[in-house]
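Chemist: Generate a structure from the sequence data that follows.
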Amino acid sequence: MGQLGVVSGTGLDAVLSRRLQMGDPGGFNAKAMRQFPIPSIANRVWERYFIEGGKAENAAFKSKPLPSSSPTGPGFELTLVAAFVEVWLAKQGHQNPVGINLLEKIQLPTLPTLYGAMLAGVDVVLMGAGIPRAIPAILDRLARAEKAELTVEVAGGEPLIVTLDPADFGSFTVRRPKFYAIVSSASLAVVLAKKCHPPVDGFVVEGHTAGGHNAPPRGATVLNEAGEPVYGERDLPDLAKFRELGLPFWLAGSYGSSESLVAAKKEGACGVQVGTAFAFCDESGVTPELKAEVIRRSLQHELSVYTDPLASPTGFPFKVVQVPGTAAENPINERRDRVCDLGYLREAYRQPNGDVGFRCPAEPPEDYVRKGGNLADTHGRKCICNGLLSTVGLPQVRHGLVEPALLTAGDDVVHLDRYMAPGANSYSAREVIETILAGSSM
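Modeler: Next up, the predicted model:
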């Protein structure tokens, strides 16, 4: 419909490997993998994971490699192909732009994800949850087929340098996508606009009512009676400073209405970014059962979103939709095997012998403490990685138990009725866009 469609760049290696183990329903991934410009790599990925007819429903998925610093090997190849597949599929059937969204907090898969997406012709890269000041230069180097490096933070020691050299894969011409940083403050935007070489191409200015990870409140964290962080005037972005920077920007966080779009444009924004509305539309990958329950509760005014200051291993507040039967309920979360087998949100740390190790506060507490972590940091954590894969119908099965889902959404999830016709119990992505554009000149 002419808007910028954005796919998630997080966990794509797990998504592809599990889709293939389910027998690749519809054959979509096979079709995309046949277009991957390095057939030998695509063939190896296919052979490692594809199961004709799909695995048994109660069987566990074969594990994929944990993210690592290696610029070669099965994990690297899977990530490279997975990013290509997701972007290539999103670009089929139209001529409009497609973006990919990554998290600065998840650093190890960044280079192969970016290059795989660029091989598929991605138009825009978006990144938040940190300060992505290295990404514009990395995109430049990859587009020029030059070796790119990314510095990975390592607790307690020197950082780790990960690399990707396009020359290792052949001679391919890729287009440099635009880069939009997702930020919550003008001060961070100034850094990315004036101290990055090259500067970012634009910003998504995201408020604390958006889904997923939120920036922590500025200053000392204060919790309300429910245990949620309290945001105040200091946390509102100074849009005048964004206008002064002269770069395009979009507003995000409860901007899923036509009135919000009009208001954003009056503030000088090019438009808005919307996620929550699309998370529960007909075309979304969220399982039909979860979508139906969220929509029902939203229509009945029985739905709430909890800004959990402890759930995410990153330490950032994380929005959790309160749906019975999911990991939002502490008893369900505590019953699951506490295991870190996907590893996206692990922290790198220096071991006493100088080697780099990895730990996650959502893993078994004794393991985290053995690796030098603080026991208090393990309290209240949830495995976001496994929970979100379950939400899109790709749950791991352990000892006959299915990983519980974990839903995230912005505060606007209580207003899903705005996209629905009277008496309806679902809505389409087209209806979301038409609703938001109503009354706008866009």
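Chemist: List the contacts of whichever strand or helix holds Ser187.
Modeler: According to DSSP states H and E, Ser187 maps onto helix 186-194. For helix 186-194, contacts defined as Cβ atoms under 8 Å, 6 or more residues apart in numbering pick out 131-133, 181, 183, 199-200, 203, 205, 237-239, 241-242, 245, 247, 249. Using the backbone N, CA and C atoms, a C-beta is placed for each residue, glycine as well.
Chemist: Walk me through which strands the next helix or strand after that helix pairs with, and which way each runs.
Modeler: Note on helix 186-194: by DSSP H and E, the next helix or strand toward the C-terminus is strand 202-206. Applying DSSP bridges, strand 202-206 is found paired with strand 178-183 (parallel), strand 249-252 (parallel).
Chemist: Columns distance to Glu403 on top of those strands, output as TSV?
Modeler: Output for those, formatted as TSV (distance: least, Cβ to Cβ, whole Å):
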stretch	distance to Glu403
strand 178-183	28
strand 249-252	29
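Chemist: I'd like the ones you listed written out as TSV, with mean pLDDT added.
Modeler: Output for these, formatted as TSV (pLDDT from 0 to 100):
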stretch	mean pLDDT
strand 178-183	96
strand 249-252	97
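Chemist: and the longest helix along the chain, what's its mean pLDDT?
Modeler: Across the chain, the longest stretch assigned as helix under DSSP state H is helix 74-90. Mean pLDDT, helix 74-90: 97.
Chemist: Give the other helices and strands that that helix contacts.
Modeler: The contact analysis (3 or more Cβ pairs under 8 Å, 6 or more residues apart in numbering; DSSP states H and E) places helix 74-90 against strand 5-8, helix 12-21, helix 28-33, helix 39-49, strand 98-103, helix 110-119.
Chemist: Give me the angle between the second one and strand 98-103.
Modeler: Between the axis of helix 12-21 and that of strand 98-103 there is an angle of 120 degrees, by axes from the mean of the first three to the mean of the last three Cα atoms, to 10 degrees.
Chemist: for helix 12-21, packing partners?
Modeler: Looks like helix 12-21 contacts helix 28-33, helix 39-49, helix 74-90, helix 384-391 (3+ Cβ pairs under 8 Å, 6+ apart).
Chemist: Using PDB, list the CA coordinates for the second one.
Modeler: Pointing back at helix 39-49 there. Presented in PDB, the C-alpha positions along helix 39-49 are these (Å, rounded to 0.1, in the frame of the first residue of the first chain):
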ATOM      1  CA  PRO A  39      23.900 -21.700  -3.600                       C
ATOM      2  CA  SER A  40      26.500 -23.800  -1.700                       C
ATOM      3  CA  ILE A  41      25.700 -21.900   1.500                       C
ATOM      4  CA  ALA A  42      21.900 -22.100   1.000                       C
ATOM      5  CA  ASN A  43      22.200 -25.900   0.200                       C
ATOM      6  CA  ARG A  44      24.100 -26.500   3.500                       C
ATOM      7  CA  VAL A  45      21.500 -24.700   5.500                       C
ATOM      8  CA  TRP A  46      18.700 -26.700   3.800                       C
ATOM      9  CA  GLU A  47      20.400 -30.000   4.400                       C
ATOM     10  CA  ARG A  48      21.000 -29.200   8.100                       C
ATOM     11  CA  TYR A  49      17.500 -28.400   8.900                       C
END
